[in-house]
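Novice: Structure of the sequence below:
(chains A and B)
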Amino acid sequence: AQTVTQSQPEMSVQEAETVTLSCTYDTSESDYYLFWYKQPPSRQMILVIRQEAYKQQNATENRFSVNFQKAAKSFSLKISDSQLGDAAMYFCAYWWYNNNDMRFGAGTRLTVKP
Amino acid sequence: NAGVTQTPKFQVLKTGQSMTLQCAQDMNHNSMYWYRQDPGMGLRLIYYSASEGTTDKGEVPNGYNVSRLNKREFSLRLESAAPSQTSVYFCASSGRGGRETQYFGPGTRLLVL
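Specialist: From the prediction side, this is the model:
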């Protein structure tokens, strides 16, 4: 079964600095999608960024970018110029074409210090 | 445009009671999902509906049933609640399958005593 591992339960960053959250996954498939979702204290899950496995180019969304290493099965999220509003739980997730199962990691709690 | 709505927001049940969690979306999405979130864990998929009239089991379907009532609504039923079902339940929807962005509801916090 596909598994998603986030090895950092908690991370902290100074406002305006850069932080990288790690994610690894286990799969034998070649076509799949990877996601980073953010869950602020309001509990509302919001998509941060999405990566299609067949695309070699790393996805970017404004201050958020990923480092997708397919061979290493690694999918890290980089947040540049961190803002107080970035403080949240961040979940890495995996979805595979032939399986309806979306797998989430256990999450990383990000604190942003002013 | 409300997005994904869930009712109720919070519920307390006694062991053995039944209840239905309601979910509705107004984005004309084909796919809908039910997840549960437990402390220290990510979301786990309970059931999935690719389109109106179809449902599939996810990672943790035992103890739950679902109904895709129409394109907008997807309900989750606990027939005989157990303390292990104490959790936060999220409904989500996407345009077409899990490859697309999922939009989540605000969650239902369920406590089973």
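
Novice: Could you use CA atoms for every contact and neighbour count after this?
Specialist: OK.

Novice: So which residues of chain B form strands?
Specialist: B:4-7, B:10-13, B:19-25, B:31-37, B:43-49, B:56-57, B:64-68, B:74-78, B:87-94, B:103-104, B:108-112 (DSSP state E).

Novice: Could you tell me which residues of chain A lie near chain B?
Specialist: Counting by CA under 8 Å from any CA of the partner chain, the residues of chain A close to chain B are A:32-33, A:43-47, A:50, A:91, A:95-97, A:100-107.

Novice: Select only the buried ones of the residues you listed in ChimeraX?
Specialist: Selecting only the buried entries of the residues of chain A next to chain B in ChimeraX, with 16 or more other CA atoms under 10 Å in any protein chain shown as the criterion:
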select /A:32,33,43,45,46,47,50,91,95,96,100,101,102,103,104,105,106,107
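
Novice: Out of the residues of chain A next to chain B, name the ones that lie in strands.
Specialist: The strands, defined by DSSP E, take in A:Y32, A:Y33, A:I46, A:L47, A:R50, A:F91, A:W95, A:W96, A:M102, A:R103, A:F104 from these.

Novice: which residue does chain A bring closest to chain B?
Specialist: A:A106 (4.2 Å; CA to the nearest CA).

Novice: Enumerate every residue touching the residue positioned nearest the centre of chain A.
Specialist: Chain A has A:W36 as the residue nearest its centroid, 3.4 Å off, counting by CA atoms, centre = their mean. By CA atoms under 8 Å, 6 or more residues apart in numbering or on different chains, A:W36 lies in contact with A:L47, A:V48, A:I49, A:R50, A:L77, A:Y90, A:F91, A:C92, A:A93.

Novice: Output the residues you listed as a markdown table; include the columns pLDDT.
Specialist: Listed next are these as a markdown table, based on pLDDT from 0 to 100:
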| residue | pLDDT |
| --- | --- |
| A:L47 | 95 |
| A:V48 | 97 |
| A:I49 | 96 |
| A:R50 | 95 |
| A:L77 | 98 |
| A:Y90 | 98 |
| A:F91 | 97 |
| A:C92 | 97 |
| A:A93 | 95 |
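
Novice: on that earlier part again, of all the strands of chain B, which one is nearest A:T27?
Specialist: When these are compared by CA to CA, strand B:43-49 sits nearest A:T27, at 17.3 Å.

Novice: Only C-alpha atoms, please: export the closest one in CSV.
Specialist: Listed next in CSV are the C-alpha coordinates belonging to strand B:43-49 (Å, rounded to 0.1, in the frame of the first residue of the first chain):
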residue,chain,number,x,y,z
LEU,B,43,-6.7,12.4,7.0
ARG,B,44,-7.8,8.9,6.1
LEU,B,45,-10.3,8.3,3.3
ILE,B,46,-13.5,6.5,4.4
TYR,B,47,-15.5,6.5,1.1
TYR,B,48,-15.3,8.1,-2.2
SER,B,49,-17.9,8.9,-4.9
